[in-house]
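A.B. asks: Give me a 3D structure for the following:
(2 chains)
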Amino acid sequence: MIPGYGGNILRINLKSRKVEKSPTPESWIRNFLGGRGFVARAFWEEIKPGIDPLGPENKVFIAPGPFSGQFLSSSGKVHMGALSPATGGYGDSNMGGHFSLELKQAGVDLVILEEMADGPVTVLIDDGKVEFRDASSYWMEGTFAAERRLKKELGEEWQIAVVGPAAVNGVVFACIQHDFGRQGGRTGVGTVLGSKKVKAIAVRGTKDIPLKDPKATYLVGQKMMNEVMATTGFKEWQPEGTAGVTNWVNENGVFPTRNFQSGWMEGYEKINGASLRSKVTTLDKGCTNCTIPCGKWGVGKLNGKEIPQEGPEYESIALLGGNLGIDDIEAVAYLNGLCDDLGMDSISAGSVVAWAMEAFEKGLLSAEEIGRPMRFGDAEAAAWLLEQIAYGQGFGTVLAQGVKRAAARVGRGTERFAMHVKGLEISGYEARYAPAMMLSYMTADIGGHHNRSWGVTHDIATGRDNMEGKAERVIFLQHIRPLFDTLGVCRFPWVETGIEPSAYADLTDPIMGVRYSWDELMGISERIWNLTRMLQFRHIPGFGRSADYPPPRWMEEGAVDGPVQGKFFGREQIEWLLDHYYELRGWDKDGRPTPEKLKALGLEFTLQ
Amino acid sequence: MQVTLQIHGHLREYYPRFVEPVVVPVPGSGPATVAEILRHVGIPPEIAGAVYCNGEPVPKTYQPGDGDELLILSPMSGG
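C.D. replies: A predicted model of the protein is given here:
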């Protein structure tokens, strides 16, 4: 047994129902650690260029990390990936909850789901044994009902990942839902699962996870947990969770408002963390071994309708609140609950609805085309459109293809305000006057996502007009933040409560029996970053520098109001940022890693 | 007149002087706002995610009293 790992790759053929178990390669452990590293490495091995993301040749990869489920703070993360139906390239997403613990205790380091089932199924992984159950009777059910049903049928100890009507209907930003409010949200991994006719994956594990030194793991992990809870500011941070940042982003003009026309919203205080806490939240909710539960459970309400839901966390407040011009936290929670139940990424869903609202208000889309008037601030209209998208009705079928394709289809100049990078809708930061944050979005491997690098604090600390040092910071963040997705833990103990990153290096020896320095761990993360870059070159026709530009709105027009009204960077400065970033990375002018760089990182196999 | 100032979270990387509580003088002769105090010690007020005075949340326009304890929270990255 390999300390820290389940020890097995579980390959499940959904068509033949053949199941293969093979040992986790030691070279993968050494060079890619687990989680995001295993997903990317397996992706390179298994996914052929030119295939249909919704065809049988695509595969879904699910991987906990070596620290998933271990006795340390916030170890409930699992990574998942597939060829993205949204971007056409490598896609992945990271999910909290309790799924990773059960998977590890089932002895699994990586699940590969391949081919397509003949009919709707739920896949049961019970201590590594696989069973298929007919899911026809609840194939179209919402995620909340389906998860409740499976919990009742199988038992509370089972952990369920489920897709909703959006995945069934091929919405390219369908997510995987778990624990009634945690998602593998981005890049449409849920869509791929739905295309394979998998309604749910249920997992139960009862095995011990082998550790090199259980006592030392306990002592180091306990010390980390104690430090997190004792840290100054913990009791102030925790009650609002990520929603607590709403005031700050608005103050700094980076709060997406009315489809990123502005970074400042009048009435923001009606949808901030304090409003969430006082009007919606009834319970704090966390993941495996979490000492800082950021999940906020409560009821979303809209015109007499109610949905019990988790959140909204900040990203959903940004994309379903400010970006839709909605200043009612109960309504935002309702829309968030609707996205969760329908199984849609609330970031992408909010973005496509915002685009439709702007197009309507500018007279570029008519009420007849959309199916009804669609104005900013109209939560009822937003809820209606979200259901149209998920159920594949009317204009919803256009929006279901994501904002890039929807804008390309409608035309009429709407491409200018289709807010995406690489086909992935931009998450909750208006970054046209925040160069590190904008570069973070431009160069994020999967597209417009903040999880890989969050540079906006650096912009404000070092000057928003100053381009120097921004690329360096983004590269650092692109290594450190995804490293948590690779280890299988949440980054919040580091980024929010200030736990020293070296604490994670201290855990490698007692858990894995191999002592990694922090620099070595960061080196592995750089290897994975370059691998995912090569994956995009391999899978996206014409991929390169042209894929790294922000949307036209950010290059050509300033925010319409707020503290940074009128400010943006022009093309010349953006080109300089990219040049500098590529040079620091060891990439050529088109953004391709050089052969020397790939060899230095041990990625020679990508050159063949 | 002086207050105690401490920073919590990742902003400490930029302002390591305030990892532990530091007693700082209030600028000018009379009371000053939190924003003025932060600016006086070289911290852009807009970078503070939230401010607590003696454990209670306060706006950056708040004027702390002599000996008050200010805690600056870093902004959070969501979701």
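A.B. asks: Please identify the buried residues of stretch A:289-305?
C.D. replies: If you call a residue buried by 16 or more other C-beta atoms under 10 Å in any protein chain shown, then stretch A:289-305 has these buried ones: A:289-292, A:294-302. Every residue, glycine included, has its C-beta placed from N, CA and C.
A.B. asks: Kindly apply the preceding question to stretch A:484-494 instead.
C.D. replies: Using 16+ other C-beta under 10 Å as the test for burial, stretch A:484-494 gives A:Phe484, A:Asp485, A:Thr486, A:Leu487, A:Gly488, A:Val489, A:Cys490, A:Arg491, A:Phe492, A:Pro493, A:Trp494.
A.B. asks: How far away from the center of its chain is that stretch?
C.D. replies: 13 Å (C-alpha atoms, centre = their mean, to the nearest Å).
A.B. asks: With stretch A:431-445 instead?
C.D. replies: Centroid displacement of stretch A:431-445 relative to its chain, using C-alpha atoms, centre = their mean, is 17 Å.
A.B. asks: what about dumping the CA coordinates of it to PDB?
C.D. replies: Taking C-alpha atoms only, stretch A:431-445 is exported to PDB below (Å, rounded to 0.1, in the frame of the first residue of the first chain):
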ATOM      1  CA  ALA A 431     -11.000  43.500 -13.900                       C
ATOM      2  CA  ARG A 432     -10.500  46.000 -16.800                       C
ATOM      3  CA  TYR A 433      -8.600  48.300 -14.400                       C
ATOM      4  CA  ALA A 434      -6.900  45.600 -12.300                       C
ATOM      5  CA  PRO A 435      -4.000  44.300 -14.400                       C
ATOM      6  CA  ALA A 436      -3.000  41.300 -12.200                       C
ATOM      7  CA  MET A 437      -6.700  40.200 -12.000                       C
ATOM      8  CA  MET A 438      -7.200  40.700 -15.700                       C
ATOM      9  CA  LEU A 439      -4.000  38.700 -16.500                       C
ATOM     10  CA  SER A 440      -5.300  36.000 -14.100                       C
ATOM     11  CA  TYR A 441      -8.400  35.600 -16.200                       C
ATOM     12  CA  MET A 442      -6.600  35.900 -19.500                       C
ATOM     13  CA  THR A 443      -4.100  33.100 -18.800                       C
ATOM     14  CA  ALA A 444      -6.200  30.800 -16.600                       C
ATOM     15  CA  ASP A 445      -5.800  27.400 -18.200                       C
END
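A.B. asks: which stretches of chain B aren't confidently modelled?
C.D. replies: Along chain B, segments meeting pLDDT under 70 span B:78-79.
A.B. asks: Out of the buried residues of stretch A:484-494, which sit inside helices?
C.D. replies: Those of the buried residues of stretch A:484-494 mapping onto helices are A:Phe484, A:Asp485, A:Thr486, A:Leu487, A:Phe492, A:Pro493, A:Trp494, per DSSP state H.
A.B. asks: returning to that earlier point: compile the buried residues of stretch A:289-305 into a markdown table and extend it with columns for distance to B:Pro31 and pLDDT.
C.D. replies: Formatted as a markdown table, these follow (distance: C-beta to C-beta, whole Å; pLDDT from 0 to 100):
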| residue | distance to B:Pro31 | pLDDT |
| --- | --- | --- |
| A:Asn289 | 45 | 94 |
| A:Cys290 | 41 | 94 |
| A:Thr291 | 38 | 92 |
| A:Ile292 | 35 | 90 |
| A:Cys294 | 36 | 93 |
| A:Gly295 | 40 | 95 |
| A:Lys296 | 36 | 96 |
| A:Trp297 | 41 | 97 |
| A:Gly298 | 39 | 98 |
| A:Val299 | 43 | 98 |
| A:Gly300 | 42 | 98 |
| A:Lys301 | 42 | 98 |
| A:Leu302 | 45 | 98 |
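A.B. asks: Among the residues you listed, which ones are in strands?
C.D. replies: Judged by DSSP state E, those include A:Gly295, A:Lys296, A:Trp297, A:Gly298, A:Val299, A:Gly300, A:Lys301, A:Leu302 as members of strands.
A.B. asks: The closest residue to A:Pro64 other than its chain neighbours: neighbour count?
C.D. replies: In this structure, A:Pro64 finds its nearest non-sequential neighbour in A:Ser100, 3.8 Å apart by C-beta to C-beta, 6 or more residues apart in numbering or on different chains. Look at A:Ser100: counted by other C-beta atoms under 10 Å in any protein chain shown, it has 31 neighbours.
A.B. asks: now for the helix or strand harbouring A:Ser100, which elements pack on it?
C.D. replies: For A:Ser100, the element it lies in under DSSP states H and E is helix A:99-105. Applying 3 or more C-beta pairs under 8 Å, 6 or more residues apart in numbering or on different chains; DSSP states H and E, one finds that helix A:99-105 contacts strand A:60-64, strand A:78-83, strand A:159-162, strand A:198-204.
A.B. asks: Any chance of those in JSON lines with mean neighbour count and distance to A:Gly181 as columns?
C.D. replies: Listed next are those as JSON lines, based on neighbours: other C-beta atoms under 10 Å in any protein chain shown; distance: least, C-beta to C-beta, whole Å:
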{"stretch": "strand A:60-64", "mean neighbour count": "30", "distance to A:Gly181": "19"}
{"stretch": "strand A:78-83", "mean neighbour count": "30", "distance to A:Gly181": "15"}
{"stretch": "strand A:159-162", "mean neighbour count": "28", "distance to A:Gly181": "12"}
{"stretch": "strand A:198-204", "mean neighbour count": "26", "distance to A:Gly181": "16"}
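A.B. asks: With respect to A:Thr281, which of the ones you listed lies nearest?
C.D. replies: Closest of these to A:Thr281 is strand A:159-162, at 23.7 Å (criterion: C-beta to C-beta).
A.B. asks: Please name the residues that touch the residue nearest to A:Gly273 when sequence neighbours are not counted.
C.D. replies: Excluding the flanking residues, the one nearest A:Gly273 by C-beta to C-beta, 6+ apart is A:Glu240, at 3.1 Å. A:Glu240 makes contacts with A:Gly273, A:Ala274, A:Leu276, A:Arg277, A:Lys296, as judged by C-beta atoms under 8 Å, 6 or more residues apart in numbering or on different chains.
A.B. asks: mind checking how far A:Glu240 is from A:Gly295?
C.D. replies: Plainly put, A:Glu240 is 12 Å away from A:Gly295 if you go by C-beta to C-beta, to the nearest Å.
A.B. asks: Between the two ends of stretch A:543-558, how far is it?
C.D. replies: Start and end residues of stretch A:543-558 are separated by 28 Å (C-alpha to C-alpha, to the nearest Å).
A.B. asks: Quick check: buried residues in that stretch?
C.D. replies: For stretch A:543-558, burial by neighbour count (16+ other C-beta under 10 Å) applies to A:Phe543, A:Arg545, A:Ala547, A:Asp548, A:Tyr549, A:Pro550, A:Pro551, A:Arg553, A:Trp554, A:Met555, A:Gly558.
A.B. asks: for stretch A:129-136, same thing?
C.D. replies: The neighbour-count check on stretch A:129-136 (16+ other C-beta under 10 Å) flags A:Val130, A:Phe132, A:Ala135 as buried.
A.B. asks: Closest one to chain B out of those residues, please.
C.D. replies: A:Ala135 (28.7 Å; C-beta to the nearest C-beta).
A.B. asks: Confirm for me that that closest one is in contact with A:Ala200.
C.D. replies: Yes. Counting by C-beta atoms under 8 Å, A:Ala135 does reach A:Ala200; the two are 6.7 Å apart.
A.B. asks: Quick one: list the elements packing against the longest strand along chain B.
C.D. replies: Counting by DSSP E, the longest strand found in chain B is strand B:2-8. On a contact count with 3+ C-beta pairs under 8 Å, 6+ apart, strand B:2-8 meets strand B:22-25, strand B:69-73.
A.B. asks: Restricting to C-alpha, output it in PDB.
C.D. replies: Provided in PDB are the C-alpha atoms of strand B:2-8 (Å, rounded to 0.1, in the frame of the first residue of the first chain):
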ATOM      1  CA  GLN B   2      -3.100  56.300  19.700                       C
ATOM      2  CA  VAL B   3      -4.700  53.000  18.700                       C
ATOM      3  CA  THR B   4      -3.600  49.400  18.300                       C
ATOM      4  CA  LEU B   5      -3.500  48.100  14.700                       C
ATOM      5  CA  GLN B   6      -3.300  44.500  13.500                       C
ATOM      6  CA  ILE B   7      -3.900  42.900  10.100                       C
ATOM      7  CA  HIS B   8      -5.400  39.500   9.600                       C
END
